[in-house]
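K.L.:
Sequence plus the predicted model coming up.
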Amino acid sequence: MLEATGLCAGYGAIPVLFEVALSVRDGESIGILGHNGMGKTTLLRTLIGALPATAGALHFGGQAITTLPPHARARRGMAYVPQGRDIFPTLTAYDNLRLGLMKTGRKPEEALGALLDDFPRLKPLLDRPGGSLSGGEQQLLALARALAGEPSLLLLDEPTEGIQPSIIEEIGETLVALRERRGLTIVLVEQNLDFIAAVSQRVLVIRRGQLGGEIPRDHLMDIDKVSEYTGVAA
């Protein structure tokens, strides 16, 4: 599904990613765990094409996409929910979802019913401006908007940040259900150990711009062991 080899990226003269190698199978959910400043967001922005790779190669669905812009990657089936969600605050929740449907060519009345079955909390909120929703509701809206485009790969940047626990659990259950039912592939950047353990089938560590080894699932609930992997003392 997704293959990165020797991937490097940065901001101007400041390198951030160094020789990243990542392989994600079709229908797999991968978690990437790391402390702030380790390159998590930079990695996702490079995968989606918002930040150009300075070296290395990226393949998606068996095709080279290293130099493709974000909109071309989206057309091929990639979707990205950034940290902070980036919904349109002055548009209604309904219109935010309509924008997510644009690349599919489907009419809202044909597509939104099934989508809202996966996000029932949004049903009574469709006529409200996105900016008036709670943080958790905005995160659900951002996820639903991304999934409205029927992607095969979903990139998520810290979706639990600032979200109430009940909605965190709801998001986790929805992502697992979509993976199992639709075969959705997920790359999740997260620091919430409970959430990353619940959603991810494998969890990798990023340290100083490089992906390290995999954390055994039974180690994720031990903060001291996690700190050893991430390189920061608990």
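P.N.:
Received the coordinates, thanks.
K.L.:
Sketch out the strands for this protein, chain order is fine.
P.N.:
Per DSSP state E, the chain carries strands over the ranges 2-11, 14-24, 29-33, 55-60, 63-64, 78-81, 153-157, 185-189, 202-207, 210-214.
K.L.:
Relative to Ser166, how far out is Leu99?
P.N.:
Going from Leu99 to Ser166 by Cβ to Cβ, to the nearest Å gives 27 Å. Where C-beta positions appear, they are placed from N, C-alpha and C, glycine not excepted.
K.L.:
Those two - which one has more neighbours?
P.N.:
More neighbours surround Leu99 than the other of Leu99 and Ser166, with 14 against 10 (other Cβ atoms under 10 Å).
K.L.:
For this structure, which residue occupies the most central location?
P.N.:
Leu156 (1.3 Å; Cα atoms, centre = their mean).
K.L.:
per-residue confidence at that residue?
P.N.:
At Leu156, the model reports a pLDDT of 96.
K.L.:
Please go through this structure and pick out the longest helix.
P.N.:
The helix that spans the most residues within the chain, counting by DSSP state H, is helix 165-182.
K.L.:
what angle do that helix and strand 29-33 make?
P.N.:
140 degrees (axes from the mean of the first three to the mean of the last three Cα atoms, to 10 degrees).
K.L.:
got the buried residues for helix 165-182?
P.N.:
Under the neighbour-count criterion of 16 or more other Cβ atoms under 10 Å, helix 165-182 has Ile167, Ile168, Glu170, Ile171, Gly172, Thr174, Leu175, Val176, Leu178, Arg179 buried.
K.L.:
which residues sit against it?
P.N.:
The contact list for helix 165-182 (Cβ atoms under 8 Å, 6 or more residues apart in numbering) reads 27, 29, 118-119, 121, 136-137, 139-140, 143, 147, 154, 159-160, 163, 184-186, 188, 192, 195, 198-199.
K.L.:
any low-confidence regions in the protein?
P.N.:
Scanning the chain for pLDDT under 70 picks out the ranges 222, 225, 228-234.
K.L.:
now do 80
P.N.:
Within the chain, the segments meeting pLDDT under 80 span 103-111, 216-234.
K.L.:
Please tell me how far the closest residue to Met38 other than its chain neighbours sits from Arg25.
P.N.:
Excluding the flanking residues, the one nearest Met38 by Cβ to Cβ, 6 or more residues apart in numbering is Ile206, at 4.9 Å. As defined by Cβ to Cβ, Ile206 lies at a distance of 19 Å from Arg25.
K.L.:
Next: Leu2.
P.N.:
In terms of Cβ to Cβ, Leu2 sits 9 Å off from Arg25.
K.L.:
what's the answer for Glu190, then?
P.N.:
Counting by Cβ to Cβ - Glu190 and Arg25 are separated by 19 Å.
K.L.:
How about Ile32?
P.N.:
Taking Cβ to Cβ, one finds Ile32 at 15 Å from Arg25.
K.L.:
ok so, going back, show me the contacts for the residue nearest to the centre of the chain.
P.N.:
Applying Cβ under 8 Å, 6+ apart to Leu156 gives the contacts Val81, Leu143, Ile186, Val187, Leu188, Val189, Glu190.
K.L.:
how about those in TSV, adding distance to Leu126 and neighbour count?
P.N.:
TSV is the format used below for these (distance: Cβ to Cβ, whole Å; neighbours: other Cβ atoms under 10 Å):
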residue	distance to Leu126	neighbour count
Val81	19	23
Leu143	15	24
Ile186	26	21
Val187	29	26
Leu188	27	25
Val189	29	23
Glu190	28	23
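K.L.:
If anything else comes up later, I'll come back, but that's it for now.
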